[in-house]
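>>> Here is a sequence with its predicted model. Questions after.
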Amino acid sequence: MELVRVLDVKPLHDFVVRVWFTNGTDREIDLEKYLHGPVFAGIRANPDVFRTVSVTEGRTIGWGDYADIDPDTLYHDLTPAWDEVSQEELAAA
C-alpha cells in the first residue's frame, strides 16, 4: 500500500471536502461515513465546527483537539473501523 499523506484540505458542502495528497492527486471525499461515534458528535452537530477542518501535524485531516481521520483511510477509501465491527457483528448473527 502506497504511503500517502495530506497536503491540504478544503471544506466544500455538507460533509464533503477536497483533499490534496502528497503524491500529487486530489479528490472530493464525502466524510459522512467516517464521522460516527462520540468523538465526532460535535463535528456532525455543528457545520461551523466541521468547516474548521485542517491538515494536522501528522499530515492528515482533523479538527483541532476533537478528532482526526487516518490519511490511509481517506486515500484508499477504507472502511471505517466502526463499520468493520458492525459488519462483523451482522455476519456473525
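Received it, and whenever you're ready, just let me know what you need.
>>> residues in contact with the residue nearest the centre of the chain?
By C-alpha atoms, centre = their mean, the mean C-alpha position of the chain lies nearest to I69, the distance being 4.2 Å. I69 makes contact with L31, Y34, T60, I61, G62 under the criterion C-beta atoms under 8 Å, 6 or more residues apart in numbering. For the C-beta atoms, the positions are set from N, CA and C on the backbone; glycine is no exception.
>>> show me the contacts for the first one.
What it means is L31. F15, V16, V17, I69.
>>> Mind listing what's buried along stretch 20-39?
Using 16 or more other C-beta atoms under 10 Å as the burial criterion, the residues of stretch 20-39 that qualify are F21, I29, L31, Y34, L35.
>>> And it, end to end?
24 Å (C-alpha to C-alpha, to the nearest Å).
>>> swap in stretch 55-74?
Start and end residues of stretch 55-74 are separated by 13 Å (C-alpha to C-alpha).
>>> chain center to it: distance?
7 Å (C-alpha atoms, centre = their mean, to the nearest Å).
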